[in-house]
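Asks: return atomic coordinates for the entry below.
(one chain, ligands or ions: 1)
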Amino acid sequence: MGTLAIGISPDKVTTLRSQVRGEVLEPSDQGYDQARKVYNGMIDRHPALIVRCVDVADVISSVNLARENGISMTVRGGGHSGPGFGVSDNGLMIDLSVMKGIRVDPAKQTVHVEGGCVWGDVDHAGHAFGLTVPAGFISSTGVGGLTLGGGLGYLTRKYGLTIDNLLSVDMVLANGQFVTASANENSDLFWAVRGGGGNFGVATSFLFQGRPVDIVYGGPIFWSLNDAEKVLKYWQDLILHAPEDLNGWFGFVTIPPVPMFPKEHHLKKMCVITWCYTGDLNKAEEVFKPIRAFCPPVMDVAGPIPFPVLNSLFDALYPPGLQWYWKADLFNEISDRAIAMHLKYAAQLPTLHSTMHIYPINGAAQRVGDKDTAWNYRKANFSMGIVGVDPDPANNERLIQWTKDYWMALHPFSAGGAYLNFIMEEGDERIRSAYGDNYTRLAKIKATYDPQNLFHNNQNIKPGGK
Ligand SMILES: Cc1cc2nc3c(=O)[nH]c(=O)nc-3n(C[C@H](O)[C@H](O)[C@H](O)COP(=O)(O)OP(=O)(O)OC[C@H]3O[C@@H](n4cnc5c(N)ncnc54)[C@H](O)[C@@H]3O)c2cc1C
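Replies: This is a model prediction of the structure:
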C-alpha cells in the first residue's frame, strides 16, 4: 500500500474519517480548493489533508494524528494571517471555520466564542444584548489569530487590547490533552496565550468579558493630502490627551470610485481619521466640534452608528482574495522627521487598496503591565501598519517595493519591536525583539506545553529558546 503526500498510509486517513464528525478533505475531494484558500490571495498552498473540525473531539483526533505521524500541522481560524500561517503545502490543516458557536451570558456580561468565529459573528451575537468584545477594525478577521496575537481596535483606549478582555481559553495541547487556561487554572499558559499567538495549542473556545458598547459616534472624516501634516500633528496631540471614550485611527487612503463618494473625489489620495466615540451621545457633537474646526474636512461621514456597522464599514472594500503584503512597527511618538517620511510615501500609494494606518495603544491598554501578559509593547503609544494591497498579482512587485521602502524610511524612528499580527514572516530576530524581555519566559512555557514544536506554523517561539 502506498503513502499519501503527507507521508502516512491511506488507512490512517480512513481511520481519521471514522473518528471525526467534520469533513476530511483530500486534494481530489470536492470542496478542497475552496477550503484551502485563505484571505491573502498571495498564498496558494496545497495541504495534503484538511479536517474541517466541528467540535473539540475532532480537534483532538487531528492533533493526535499529526503528532503521532510527524505531520506538519497548521491551524486555521479566520484565515486572515498575512503570511498565510493557516495553510501549508503537504501538511494537515486543522480548519476551525465551522466551529461558530457563541453564547452570551447577559447576567455575567460574558461572551463565550468558539474558535472558528470571526469578529462579525461576535458583533452580531453581542449586539442583541448591548454588548461588544473589543477587537479590531474589520469584521471578517478571525477571533482566534487576532486574540492570541493581542488585538488592537476601536476600543483599545477605552477597554484595552482584546487579550485584556479575555477571561479564559479552552485549548487542545500538543499531547492531545484538553485544558482550560485562566488566571486561576494553568495560569502560565494563560499568560503565554495572551500575545504568544498560536504557539501553545489549538484554542477551541474563548471566554470574553463583554463591554456595554452599542451605538457609538464614529466613522471616517477625510482631509486633503495637502493638509496631512497638520492633521497628523493634531491627531497625535489629541489622541495622547483625549478622554479614553474617544478613539480614532489615522490613515492614508485612496478614495474608491463608488457612488457613496462624490465623483470629484474618486481616486484622490487623502488622509483619514476613522473615529469611535463611546461617551455620551448627547455630547458627541460638542466633542467633534474642534475636530471639524481645526482644518476643514473634504468629506465627513462620522455620526451615530451601531458598533457592528462601524466594525464592518471597510469589509466590502477588502474582500478575501486580494494580494496583501504587510510591514509594521511600533512608535512612542511620531516625530516631525517621521511625519515628513509619511508625507513622502503617502503621495506614492501604489494602488487603490494600499494604505497606511496608525492605531493608538494608549489609555486602558497601558494600564496593564508589559510583564502581565506576553504582549510586550504597551509602553509604545502607536502601532503602524503599512499594507500594499491589490487584486492583480501583476502589481505585486510594485506594492511590495513601496511597502518595504516606506517601512525602511520609518523604521529608524520606531520603538523597536512590532505587532506580530501585522507582519509577514520576517525571521526569528524580529519575533524575539517583539517579545523583548518576555521571550525567555515564553520559550520556557513553549518547552513545557509543546516541546516538539508541533505548533510551528506561526510567528514561532522556539521551545526553550533554541
Ligand atoms: C483585513 C485585515 C484586518 C485586520 N485588522 C486587524 C485589527 O484591526 N486589529 C488587529 O489586532 N489585527 C488585525 N489584523 C491582523 C490579524 O489580527 C491577524 O492577521 C490574525 O492572525 C488573524 O487571525 P485569523 O484567525 O483570521 O487568522 P489565521 O490565518 O486563521 O491564523 C493566524 C495565526 O493564528 C493561529 N490561530 C488562529 N486561530 C487559532 C486558534 N483558534 N487556536 C490556535 N491558533 C490559532 C494560526 O495557527 C496562525 O498561526 C487584520 C488582518 C487583516 C487581513
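Asks: is the residue in the stretch 251-400 of the chain that the ligand sits nearest to in a helix, a strand, or coil?
Replies: Nearest to the ligand in the stretch 251-400 of the chain, going by Cβ to the nearest ligand atom, is Tyr318, at a distance of 5.0 Å. Where you see a C-beta, it was placed from the backbone N, CA and C, and this is true even at glycine. Following DSSP: H, G, I helix; E, B strand; the rest coil, Tyr318 is assigned to coil.
Asks: from the ligand, how far off is Asn90?
Replies: Remark: distance between Asn90 and the ligand (Cβ to the nearest ligand atom, to the nearest Å) = 17 Å.
Asks: the stretch 351-466 of the chain against the ligand: which residues are in contact?
Replies: Asn421, Asn457, Asn458 (Cβ under 6 Å from any ligand atom).
Asks: switch the cut-off to 5 Å
Replies: Asn421, Asn458 (Cβ under 5 Å from any ligand atom).
Asks: quickly list what Phe206 is bridged to.
Replies: Val113, Val169 (DSSP bridges).
Asks: how many residues are close by it?
Replies: Look at Phe206: counted by other Cβ atoms under 10 Å, it has 27 neighbours.
Asks: roughly how far apart are it and Leu131?
Replies: Computed with Cβ to Cβ, to the nearest Å, the distance linking Phe206 and Leu131 is 14 Å.
Asks: got it, and Gly219?
Replies: On the measure of Cβ to Cβ, Gly219 and Leu131 end up 21 Å apart.
Asks: neighbour count for the two, which is higher?
Replies: Leu131 (24 against 19).
Asks: before we move on, the earlier item: what's the distance between the residue of the stretch 251-400 of the chain closest to the ligand and His265?
Replies: In this view, Tyr318 and His265 are 19 Å apart by Cβ to Cβ.
Asks: and what of Ala340?
Replies: Separation of Ala340 from His265 (Cβ to Cβ) stands at 25 Å.
Asks: who has more neighbours out of these two?
Replies: His265 (15 against 11).
Asks: the more buried one contacts Val298, doesn't it?
Replies: Yes. Between His265 and Val298 there is a contact under Cβ atoms under 8 Å: 6.6 Å.
Asks: who touches both of the two?
Replies: Phe222 (Cβ atoms under 8 Å, 6 or more residues apart in numbering).
Asks: strands of the stretch 201-350 of the chain, start to end?
Replies: 202-209, 215-224, 246-254, 269-277, 299-300, 303-306, 323-331 (DSSP state E, counting those that start in this stretch).
Asks: can those strands go into CSV with extra columns for mean pLDDT and distance to Pro463?
Replies: Compiled in CSV, these are given as follows (pLDDT from 0 to 100; distance: least, Cβ to Cβ, whole Å):
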stretch, mean pLDDT, distance to Pro463
strand 202-209, 98, 17
strand 215-224, 98, 43
strand 246-254, 98, 36
strand 269-277, 98, 40
strand 299-300, 98, 51
strand 303-306, 98, 45
strand 323-331, 98, 26
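Asks: would you mind giving these as JSON lines with distance to Leu49 added?
Replies: Converted to JSON lines, the strands of the stretch 201-350 of the chain look like this (distance: least, Cβ to Cβ, whole Å):
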{"stretch": "strand 202-209", "distance to Leu49": "15"}
{"stretch": "strand 215-224", "distance to Leu49": "43"}
{"stretch": "strand 246-254", "distance to Leu49": "39"}
{"stretch": "strand 269-277", "distance to Leu49": "41"}
{"stretch": "strand 299-300", "distance to Leu49": "49"}
{"stretch": "strand 303-306", "distance to Leu49": "41"}
{"stretch": "strand 323-331", "distance to Leu49": "26"}
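Asks: make JSON lines out of those strands and add distance to the ligand.
Replies: Shown next, in JSON lines, are the strands of the stretch 201-350 of the chain (distance: least, Cβ to the nearest ligand atom, whole Å):
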{"stretch": "strand 202-209", "distance to the ligand": "4"}
{"stretch": "strand 215-224", "distance to the ligand": "14"}
{"stretch": "strand 246-254", "distance to the ligand": "9"}
{"stretch": "strand 269-277", "distance to the ligand": "11"}
{"stretch": "strand 299-300", "distance to the ligand": "22"}
{"stretch": "strand 303-306", "distance to the ligand": "17"}
{"stretch": "strand 323-331", "distance to the ligand": "6"}
